[in-house]
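Undergrad: All I have is the shape, not the residue letters:
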């Protein structure tokens, strides 16, 4: 471990580095109806901004880690956040929906940089209990950002319009980039040569393991289900249910907060429920119940919000247990396992939001049905155990604690 006195400002800098990537999706959602009107686009096409963003995120997530091993953490952080800055500027200035979709793709590639590398940098500098505390501190800050983003997006959209939302993300990203250029140290060790072939071999080994695939797919499928709701939420609450932008932001804030708060106390909740296996059973029941309630009660704002709260509480409680399992199938490949899971998650979000947006009819039926499909696939996989039959609860190992406690925008640690 390095002398951490040389990195006393690093935690604050890493939170700043994450801020743009964390809020860039949730802040934009309240402006979707305005985007549709301003750019003469259909509701389903506007929802594809989420799909394009996650497609870029998926592709970027696969390369940033290996690139940082070869060229250094600092260089890749600066380059990736510059890409995100360009994407945010393109979104703010987009003359038509096609340009906006392309800009969201570029923005997603850049946004994945900080999400991948912040937790790698923490692991470079800290170890043992100090590393776990740093993960917890950073995750708490991420949850706070995720919880505040929808409300902030609603306020900005109301006062500055939808272009103002992307302008704010541009400003936050620019500030983070300047601070990183001035103060971010290089934390990586000796450069790795020939890393691409090694990473490919690690990925092949992981993809050939049914136990890893099961543990990896569960949180990814549930997060894809959640993002299907996020992509359609502004149209449901504002166009279908007739809420104002602040009213929609308030409902979305409740949904997001239910996930963030449960995530922050997931370890304690697991203890109260009697251990990982009972937590999995209870959490799976909650996610299935949540989408079931959405199918039944999704014709009004209160019923929709209540159903999503049940779903989010179950998902947040389940996540650290199953994500920990995915890291324990091959303990020597934890970094590759986490990166592959994160990229796969973005791919599933791309696929599910793309399907849901194409089928969207203006009410909650399609959204709830696609969510239910993803959840019902994930539910039985959650009961597949990793090697040795022992689930890992967040907080028991450093790897399990790198989960994404407030994963509303999908932007969790690698």
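TA: Sure, I can see it. Everything quoted here is computed from the prediction, not taken from an experiment. Numbers count the residues shown, from 1 in each chain.
Undergrad: before we move on, what SS does residue 145 have?
TA: helix (DSSP: H, G, I helix; E, B strand; the rest coil).
Undergrad: so where is the stretch 151-300 of the chain shaky, pLDDT-wise?
TA: By pLDDT under 70, the weakly predicted segments of the stretch 151-300 of the chain are 189-196.
Undergrad: all helices in it, in order from the N-terminus.
TA: Secondary structure of the stretch 151-300 of the chain by DSSP state H, counting those that start in this stretch: the helices cover 195-207, 210-234, 245-264, 266-273, 276-297.
Undergrad: what's the closest of those helices to residue 141?
TA: helix 245-264 (10.8 Å; C-beta to C-beta). No exception for glycine: its C-beta is placed from N, CA and C like everyone else's.
Undergrad: Can you list the buried residues in that closest one?
TA: With burial defined by 16 or more other C-beta atoms under 10 Å, the residues of helix 245-264 counted as buried are 245, 248-264.
Undergrad: want to throw the helices of the stretch 151-300 of the chain into JSON lines with distance to residue 150?
TA: Output for the helices of the stretch 151-300 of the chain, formatted as JSON lines (distance: least, C-beta to C-beta, whole Å):
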{"stretch": "helix 195-207", "distance to residue 150": "34"}
{"stretch": "helix 210-234", "distance to residue 150": "9"}
{"stretch": "helix 245-264", "distance to residue 150": "4"}
{"stretch": "helix 266-273", "distance to residue 150": "21"}
{"stretch": "helix 276-297", "distance to residue 150": "18"}
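Undergrad: closest one to residue 41 among those?
TA: helix 210-234 (13.6 Å).
Undergrad: and the closest one, what other elements does it pack with?
TA: In terms of contacts (3 or more C-beta pairs under 8 Å, 6 or more residues apart in numbering; DSSP states H and E), helix 210-234 is packed against helix 43-71, helix 195-207, helix 245-264, helix 276-297, helix 301-328, helix 334-359, helix 365-381.
Undergrad: To residue 94, which of those lies closest?
TA: Using C-beta to C-beta, the nearest of those to residue 94 is helix 43-71, at 9.8 Å.
Undergrad: Quick one: mean pLDDT for the closest one?
TA: Averaging pLDDT along helix 43-71 gives 85.
Undergrad: quick one, the helix or strand just after it and helix 43-71 angle?
TA: Next in sequence after helix 43-71, counting helices and strands by DSSP states H and E, comes helix 73-93. Angle, helix 73-93 to helix 43-71, by axes from the mean of the first three to the mean of the last three C-alpha atoms, to 10 degrees: 160 degrees.
Undergrad: what separates helix 73-93 from the chain centre, distance-wise?
TA: 18 Å (C-alpha atoms, centre = their mean, to the nearest Å).
Undergrad: mind listing what's buried in it?
TA: Buried residues in helix 73-93 (16+ other C-beta under 10 Å): 73-74, 76-77, 80-92.
Undergrad: does residue 352 really touch residue 223, like I thought?
TA: No - if you go by C-beta atoms under 8 Å, residue 352 and residue 223 don't touch, sitting 9.5 Å apart.
Undergrad: So residue 364 versus residue 232, what's the distance?
TA: Distance, residue 364 to residue 232, using C-beta to C-beta, to the nearest Å: 8 Å.
Undergrad: Residue 45 now?
TA: From residue 45 to residue 232 the distance is 13 Å (C-beta to C-beta).
Undergrad: Those two: who's more crowded?
TA: residue 232 (29 against 18; other C-beta atoms under 10 Å).
Undergrad: So for that one, what's the nearest residue that isn't a sequence neighbour?
TA: residue 367 (4.5 Å; C-beta to C-beta, 6 or more residues apart in numbering).
Undergrad: Check the gap between that neighbour and residue 67 for me.
TA: Noted for residue 367: a distance of 36 Å to residue 67, by C-beta to C-beta.
Undergrad: Tell me which of the two has more neighbours.
TA: Shown here are residue 367 and residue 67; by other C-beta under 10 Å, residue 367 has more neighbours (28 against 21).
Undergrad: I'd guessed that one sits against residue 357; true?
TA: No - using C-beta under 8 Å, residue 367 is not in contact with residue 357; the gap is 9.6 Å.
Undergrad: okay, and the common contacts of those two?
TA: By C-beta atoms under 8 Å, 6 or more residues apart in numbering, residue 367 and residue 357 have these common neighbours: residue 232.
Undergrad: in the helix or strand hosting residue 32, what counts as buried?
TA: Assigned by DSSP H and E, residue 32 belongs to helix 32-38. Residues 32-36, 38 are the ones in helix 32-38 that count as buried (16+ other C-beta under 10 Å).
Undergrad: how about the helices of the stretch 151-300 of the chain, which one is nearest residue 106?
TA: Using C-beta to C-beta, those put helix 210-234 closest to residue 106, at 18.8 Å.
Undergrad: next one: that closest one to chain centre, how far?
TA: The answer for helix 210-234 is 10 Å, by C-alpha atoms, centre = their mean.
Undergrad: what's residue 9 sitting at in phi/psi?
TA: Here the main-chain torsion angles of residue 9 (degrees, to the nearest 10) amount to phi -100, psi 0.
Undergrad: Which pLDDT value goes with it?
TA: 80.
Undergrad: can you pull the contacts of it?
TA: So residue 9 contacts residue 183 (C-beta under 8 Å, 6+ apart).
Undergrad: ok, now how distant is it from residue 125?
TA: 12 Å.
Undergrad: Also residue 25?
TA: 28 Å.
Undergrad: got the contact list for residue 364?
TA: So, once contact is read as C-beta under 8 Å, 6+ apart, residue 364 ends up touching 232, 236, 240, 294, 298-299, 304.
Undergrad: Need those in JSON lines (columns: distance to residue 212).
TA: Shown next, in JSON lines, are the contacts of residue 364 (distance: C-beta to C-beta, whole Å):
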{"residue": "232", "distance to residue 212": "31"}
{"residue": "236", "distance to residue 212": "35"}
{"residue": "240", "distance to residue 212": "40"}
{"residue": "294", "distance to residue 212": "30"}
{"residue": "298", "distance to residue 212": "34"}
{"residue": "299", "distance to residue 212": "40"}
{"residue": "304", "distance to residue 212": "35"}
